[in-house]
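# Build me a model from this:
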Amino acid sequence: VQLQASGGGLVQPGDSLRLSCVASGLTLDYYAIGWFRQAPGKEREGVACISSSYSTTSYKDPAKGRFTISRDNAKNTVYLQMNGLKPEDTAVYYCAASRTPCVYGMTYWGKGTLVTVSS
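Below you'll find the model as predicted:
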């Protein structure tokens, strides 16, 4: 099983980025997918989650109103659209998968993609 996050980069405050999480070795339809991030010197934190059934979404406070998580099962890919980026969004972003809801913890983790927001 592999999860590959991509789409990070260096952007200015207010810009947008779309991160992608492509899965191999598992069918994303059956998994809840979460996006997490870890900023320098800080603990990893959850950002957003999308459920396996009905694609119900949930967001942590820093992401609410600015980030959108979505999935394209045909492409076995989950996206994180990030708008209105702020310097405090700077972090390595990871995607993770679980057969159970995100709140119960994730099983598979991908390598992260670095997002840097700076003027």
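
# where do the strands sit along the chain?
2-6, 9-11, 17-24, 32-38, 45-50, 57-59, 67-72, 77-82, 91-98, 108-109, 113-117 (DSSP state E).

# In JSON lines: these, plus mean neighbour count and mean pLDDT.
Every C-beta, even on glycine, is put in place using the N, C-alpha and C of the backbone. Below are those laid out as JSON lines (neighbours: other C-beta atoms under 10 Å; pLDDT from 0 to 100):
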{"stretch": "strand 2-6", "mean neighbour count": "18", "mean pLDDT": "95"}
{"stretch": "strand 9-11", "mean neighbour count": "14", "mean pLDDT": "97"}
{"stretch": "strand 17-24", "mean neighbour count": "19", "mean pLDDT": "96"}
{"stretch": "strand 32-38", "mean neighbour count": "24", "mean pLDDT": "96"}
{"stretch": "strand 45-50", "mean neighbour count": "21", "mean pLDDT": "96"}
{"stretch": "strand 57-59", "mean neighbour count": "16", "mean pLDDT": "94"}
{"stretch": "strand 67-72", "mean neighbour count": "18", "mean pLDDT": "96"}
{"stretch": "strand 77-82", "mean neighbour count": "23", "mean pLDDT": "97"}
{"stretch": "strand 91-98", "mean neighbour count": "23", "mean pLDDT": "97"}
{"stretch": "strand 108-109", "mean neighbour count": "16", "mean pLDDT": "95"}
{"stretch": "strand 113-117", "mean neighbour count": "18", "mean pLDDT": "98"}
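
# Skip the chain neighbours and tell me the closest residue to Gly105.
By the measure of C-beta to C-beta, 6 or more residues apart in numbering, the closest residue to Gly105 outside its immediate chain neighbours is Ser98, 6.7 Å from it.

# which residues touch the most centrally placed residue in the chain?
The centre of the chain sits closest to Trp35, judged by C-alpha atoms, centre = their mean, with a distance of 2.6 Å. Applying C-beta atoms under 8 Å, 6 or more residues apart in numbering to Trp35 gives the contacts 19, 21, 46-49, 67, 69, 78, 80, 93-96.
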